[in-house]
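Visitor: when you get a sec, could you give me coordinates for this:
(one chain, ligands or ions: 1)
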Amino acid sequence: MAIVSSETAGGFPKGFVWGVSTSAYQIEGATREDGREASVWDTFCQREGAVLSGDTADVTCDHYHRFREDVKLMSEFQVPAYRLSISWPRVMSTDSSQPNELGLAFYDALIDELLAAGISPWVTLFHWDFPQSRHDQGGWLNPRCVDWFAEYASTVVERLSDRVTQWITVNEPQCFLHFGHGLGINAPGVKLSLADQLTAAHHVLLAHGRAVAIIREHAKLPPQVGWAPVGITCSPATEDRAHQEAARRATMDVKADNLWNNTWFSDPVFLGHYPEEGLRAYGKAAPKYAASDMQHIAAPLDFLGLNIYTAMPVESQADGSWSEVSLAPGTARTAFDWPVREECLYWGPKFHAERYGVPIVITENGMANIDWPARDGRVHDPQRIDYLHRHLLALHRGIVEGVDVRGYFHWSWMDNFEWAEGFRRRFGLIYVDFESGLRRPKDSAAWYREVIRSHGRSLFTE
Ligand code: FCB
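Guide: Below is the predicted model:
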């Protein structure tokens with residue numbers, strides 16, 4: 001990754017990457033075409049009551065057929081970088097462990113189209129669409145999943161690394177493990193014991209490490225590799241030192257009964273061991289593993305991707321503990337009910353950079369809104385513009401203070417299938433009519449184009 005200079009006056013550092021994000025399952029559709037196999041999400045969507053309004057991703061944005069139009073629109077909006085994911089069940093045929101040529105050809109064409117438009121592809125290997133047949137063989141609980149993932153990663157790297165240089169191994173392990181394997185409200189919809197969830201998590205970490213090694217050994221162009229976890233970001237109630245320390249500790253805390261935390265995942269990856277607080281909290285449920293595992297898991301990365309949407313304010317208590325501060329009545333919230341707290345993009349990167357000492361890339365940030373085309377035919381989304389503006393200024397504050405942030409990817413480029421929440425709320429800069437497939441740029445897309453064009457300077461002139 002290019003080294004970012006500290007020249008930030010009135011804008012963002014040289015080399016700072018502006019981008020947009022999506023994931024395969026949420027936008028592609030064509031779930032039964034060209035040899036694509038079922039993923040756990042296809043199965044989950046068929047389950048009565050699993051997804052809001054019974055929505056499915058069988059068609060969603062139909063990006064599989066409309067990708068040229070989508071890339072053209074990105075190019076019109078001068079998007080420099082696009083974070084996409086590859087669908088594992090589209091490119092691997094499970095029975096034979098053989099690549100599916102037609103699936104790979106789709107990504108060939110997509111990458112070529114992006115490069116021809118001058119857009120840099122940032123490829124995520126796993127964004128939750130796990131092959132159903134592999135799940136039937138034990139999924140992430142079966143230790144062989146590490147080999148399955150390695151087979152898949154090798155196939156993608158062999159095929160795309162002559163053109164792709166930016167790689168992200170796994171998206172939000174916390175989310176698909178906690179919601180999918182703990183609470184059972186996301187695919188695959190199972191409720192494992194805490195010990196089993198932690199075993200699955202250990203396998204995910206090993207799979208990540210194997211993928212890093214594969215990318216480093218086999219990539220045809222020099223690669224930049226990261227991963228994109230999620231977790232709670234806590235912000236201090238005031239900037240008083242004690243509250244800052246409380247927020248730092250709260251952000252890095254592990255709760256005994258679930259996997260929704262930062263450090264159980266990123267400490268092994270960046271520090272080579274599980275966190276002490278986590279081992280204490282999980283006790284006997286913590287996995288047993290070979291000492292050599294940590295060497296594989298801690299394969300060096302070029303950046304830490306952070307998906308951050310909000311922050312939880314906390315304060316320090318007299319006894320040195322921390323507690324959550326309740327939000328004022330009527331606090332601004334997105335259509336997902338997530339509080340609008342732009343300080344998340346200041347404290348989140350800062351705390352992570354301090355702990356891990358690696359460059360940060362914001363791989364997701366954005367908001368759900370209830371958008372619709374107005375009578376003038378346009379989609380006005382002032383809330384999203386304000387959300388973005390606030391968050392980018394907060395991110396900039398950290399950068400000016402020395403936090404090494406190398407890029408920002410807005411979630412999402414276009415409205416899409418929001419997992420168990422279906423299509424009701426919209427995260428895109430581009431409005432998608434899910435019946436006709438028509439795309440309409442929202443006001444926020446034009447606003448973001450100005451941010452990109454001015455390399456962030458427009459944030460300071462409004
Ligand atoms: C993240 C997911 C992404 C999208 C956003 C809103 O947890 O990585 O796919 O659903 O939330």
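Visitor: just checking, what packs against the one helix or strand V71 maps to?
Guide: Per DSSP states H and E, V71 falls inside helix 63-76. Helices and strands touching helix 63-76, by 3 or more Cβ pairs under 8 Å, 6 or more residues apart in numbering; DSSP states H and E, are helix 101-116, strand 439-441. All C-beta atoms are positioned from the backbone trio N, CA, C, and that covers glycine.
Visitor: after the shortest one, next one along is what?
Guide: Secondary structure here is assigned by DSSP H and E; on that basis, the next helix or strand after strand 439-441 toward the C-terminus is helix 443-453.
Visitor: any idea how far that following helix is from the middle of the chain?
Guide: 21 Å (Cα atoms, centre = their mean, to the nearest Å).
Visitor: so which bits of that helix are buried?
Guide: Residues of helix 443-453 classed as buried under the neighbour-count rule (16 or more other Cβ atoms under 10 Å) are 443-445, 447-449, 451-452.
Visitor: I would like the residues contacting that helix, please.
Guide: For helix 443-453, the surrounding residues in contact (Cβ atoms under 8 Å, 6 or more residues apart in numbering) are 18, 77-80, 378-382, 384-385, 388, 392, 410, 429-430, 458-459.
Visitor: same question for stretch 388-401.
Guide: Stretch 388-401 is contacted from outside by 8, 12-13, 16, 340, 342-346, 349-350, 362, 365-366, 405, 408, 410, 444, 447-448, 451, 456, 459, 462, using Cβ under 8 Å, 6+ apart.
Visitor: so which of these belong to helices?
Guide: Judged by DSSP state H, the subset of the contacts of stretch 388-401 located in helices is 344-346, 349-350, 444, 447-448, 451.
Visitor: please identify which of these is nearest to the ligand.
Guide: Nearest to the ligand out of the ones in helices among the contacts of stretch 388-401 is C344 (Cβ to the nearest ligand atom; 13.5 Å).
Visitor: for Q26, see how far away the closest one is.
Guide: Relative to Q26, C344 is positioned 22 Å away (Cβ to Cβ, to the nearest Å).
Visitor: who are the contact partners of the residue in the stretch 1-150 of the chain that the ligand sits nearest to?
Guide: Nearest residue of the stretch 1-150 of the chain to the ligand, counting by Cβ to the nearest ligand atom: S23, 5.0 Å away. Each residue near S23 by Cβ under 8 Å, 6+ apart is listed here: 84-85, 124, 127-129, 171, 416.
Visitor: let's see 6 Å
Guide: Residues near S23 by Cβ atoms under 6 Å, 6 or more residues apart in numbering: 85, 127.
Visitor: show me which residues of the stretch 201-350 of the chain are close to the ligand?
Guide: 230, 307 (Cβ under 6 Å from any ligand atom).
Visitor: show me where the stretch 201-350 of the chain has strands.
Guide: Counting by DSSP state E, counting those that start in this stretch, the stretch 201-350 of the chain has strands at residues 224-228, 234-236, 303-307, 312-316, 322-324.
Visitor: quick one: those as TSV, columns for mean neighbour count too.
Guide: Listed next are these as TSV, based on neighbours: other Cβ atoms under 10 Å:
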stretch	mean neighbour count
strand 224-228	25
strand 234-236	26
strand 303-307	24
strand 312-316	20
strand 322-324	15
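Visitor: need the ones you listed in CSV (columns: mean pLDDT).
Guide: Below are the strands of the stretch 201-350 of the chain laid out as CSV (pLDDT from 0 to 100):
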stretch, mean pLDDT
strand 224-228, 98
strand 234-236, 98
strand 303-307, 98
strand 312-316, 98
strand 322-324, 97
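Visitor: can you redo these as JSON lines, where the extra columns are distance to L102?
Guide: As requested, those are arranged in JSON lines below (distance: least, Cβ to Cβ, whole Å):
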{"stretch": "strand 224-228", "distance to L102": "27"}
{"stretch": "strand 234-236", "distance to L102": "46"}
{"stretch": "strand 303-307", "distance to L102": "29"}
{"stretch": "strand 312-316", "distance to L102": "45"}
{"stretch": "strand 322-324", "distance to L102": "50"}
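Visitor: nearest to S292, out of these?
Guide: For the strands of the stretch 201-350 of the chain, the distance to S292 is smallest for strand 224-228, at 20.1 Å, taking Cβ to Cβ.
Visitor: can you name every helix or strand that the closest one contacts?
Guide: Judged by 3 or more Cβ pairs under 6 Å, 6 or more residues apart in numbering; DSSP states H and E, strand 224-228 is in contact with strand 166-171, helix 194-218, strand 303-307.
Visitor: how about those in JSON lines, adding distance to T238?
Guide: Output for the helices and strands packed on strand 224-228, formatted as JSON lines (distance: least, Cβ to Cβ, whole Å):
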{"stretch": "strand 166-171", "distance to T238": "34"}
{"stretch": "helix 194-218", "distance to T238": "35"}
{"stretch": "strand 303-307", "distance to T238": "24"}
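Visitor: out of those, which comes closest to V254?
Guide: helix 194-218 (11.0 Å).
Visitor: now that closest one: buried residues?
Guide: Using 16+ other Cβ under 10 Å as the test for burial, helix 194-218 gives 194, 196-212, 214-215.
Visitor: just to revisit the earlier point, select only the buried ones of the contacts of stretch 388-401 in PyMOL?
Guide: Entered in PyMOL, the line below selects the buried ones among the contacts of stretch 388-401, by 16+ other Cβ under 10 Å:
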select buried, resi 8+12+13+16+340+342+343+344+345+346+349+350+362+365+366+405+408+410+444+447+448+451+456+459
